[in-house]
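# Just the structure for this:
(one chain, ligands or ions: 1)
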Amino acid sequence: MTTAIIGVGQIGGTVARHLVAGGESVVLAAKEESNAEALAGELGPLARVASVEDAIADGDAVVFAVWLDTIRELIPQHARGLDGKVVVDPSNPIGFDESGKPFRTLPEGQSAASVVAALLPAGAHYVKAFGTLGAAALAAGAPREPRRAVLFYATDDDTGATTIEGLIRAAGFDPLKAGGVADAGRIEVPGGDLFQQVGRNGHLLDLDQARARLREVPV
Ligand SMILES: NC(=O)c1ccc[n+]([C@@H]2O[C@H](COP(=O)([O-])OP(=O)(O)OC[C@H]3O[C@@H](n4cnc5c(N)ncnc54)[C@H](OP(=O)(O)O)[C@@H]3O)[C@@H](O)[C@H]2O)c1
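Residues are numbered from 1 along each chain as shown. Take a look at the predicted model:
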């Protein structure tokens with residue numbers, strides 16, 4: 001299986017490193033090809049570089065590790081290539097003002113997942129995942145001993161669920177489904193009660209802790 005990773009910044013670079021460490025093949029695309037080449041050079045023979053179009057064609061799963069506005073541009077441009085693919089979306093409806101203060105870019109109650117899923121062709125298998133921790137926690141969170149940390153995901157699609165569970169495990173985490181697309185706001189930021197699931201001592205949640213957190217009703 002090959003995973004296309006579109007965007008090699010904080011999230012895309014980290015997901016690529018974790019997947020390759022778990023023995024997965026990745027094909028990397030960025031805005032500046034030299035950025036993807038630099039990462040591929042670091043990762044070795046399991047990583048290669050392609051244009052966005054060719055990466056989508058080569059990937060069984062496609063991770064859109066770019067900002068939500070960029071996803072909104074790229075999906076319509078590549079709709080035909082995305083038909084039949086598992087599409088993994090880590091985006092959050094978040095922007096930053098000139099002072100670096102975060103703000104919500106979508107109306108309250110509207111998730112980035114609902115926007116992205118609605119753009120995809122009918123044959124694509126949509127999953128919200130890999131954006132549920134801050135980038136630093138995602139990078140530092142795997143592999144963790146003795147108990148792996150959890151990454152939540154959300155999907156309405158069985159093929160998407162099977163694929164993302166395999167990718168999350170390969171990346172060194174335990175997967176846990178937080179619900180369907182309608183629940184994806186719980187794992188997005190701002191506002192998601194399951195985002196950046198840091199326990200009282202600053203530790204990420206293991207599977208038992210994450211299951212208990214999932215059962216709590218969001219406020
Ligand atoms: N950072 C976090 O802590 C965090 C946490 C959770 C979720 N997320 C979500 O993850 C996504 C990525 O965030 P990030 O922090 O990884 O962003 P980032 O570090 O700014 O990286 C963005 C990447 O997108 C690439 N890109 C931009 N336009 C492109 C295009 N037209 N075609 C192909 N690639 C393009 C950039 O390419 P170049 O390298 O060539 O510039 C860059 O590699 C966002 O949706 C964000 O909301 C981020």
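
# Any stretches of the chain with poor pLDDT?
Counting by pLDDT under 70, the ranges of the chain that qualify are 199-202, 217-219.

# could you pull out the strands for it?
According to DSSP state E, the chain carries its strands in the segments 2-6, 25-29, 47-49, 61-64, 86-89, 94-96, 102-104, 125-128, 150-154, 174-179.

# near the ligand, which residues of the chain?
Where the chain comes near the ligand, counting by Cβ under 6 Å from any ligand atom, the residues are 6-12, 29-32, 35, 52, 65-68, 70, 90-92, 94, 131, 134-135. Placement of C-beta: from N, CA and C, glycine included.

# okay, the strands of the chain in CSV with mean neighbour count next?
Putting those into CSV (neighbours: other Cβ atoms under 10 Å) gives the following:
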stretch, mean neighbour count
strand 2-6, 25
strand 25-29, 24
strand 47-49, 20
strand 61-64, 28
strand 86-89, 28
strand 94-96, 14
strand 102-104, 12
strand 125-128, 28
strand 150-154, 28
strand 174-179, 20
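
# Nearest approach to Ala210 belongs to which of the ones you listed?
Go through the strands of the chain one by one with Cβ to Cβ and the one that ends up closest to Ala210 is strand 150-154, at 3.9 Å.

# The closest one to strand 174-179, inter-axis angle?
Angle of strand 150-154 versus strand 174-179, following axes from the mean of the first three to the mean of the last three Cα atoms, to 10 degrees, is 30 degrees.

# Could you list every helix and strand that strand 150-154 packs against?
Here strand 150-154 is seen to pack against strand 125-128, helix 158-170, strand 174-179, helix 207-215 when contacts are counted using 3 or more Cβ pairs under 8 Å, 6 or more residues apart in numbering; DSSP states H and E.

# rerun that using 6 Å as the cut-off
Packed against strand 150-154, as judged by 3 or more Cβ pairs under 6 Å, 6 or more residues apart in numbering; DSSP states H and E, are the following elements: strand 174-179.

# who touches the strand it packs on?
Counting by Cβ atoms under 6 Å, 6 or more residues apart in numbering, the neighbours of strand 174-179 from elsewhere in the structure are Arg148, Val150, Phe152, Ala154, Glu165, Ile168, Arg186, Ile187, Leu194, Leu207, Ala210.

# 7 Å - rerun?
Contacts with strand 174-179, where a contact means Cβ atoms under 7 Å, 6 or more residues apart in numbering, come from 148, 150-154, 161, 164-165, 168-169, 186-187, 194, 207, 210-211, 214.

# Drop anything exposed from those residues.
When those are checked for burial by 16 or more other Cβ atoms under 10 Å, the buried set is 148, 150-154, 161, 164-165, 168, 186-187, 194, 210, 214.
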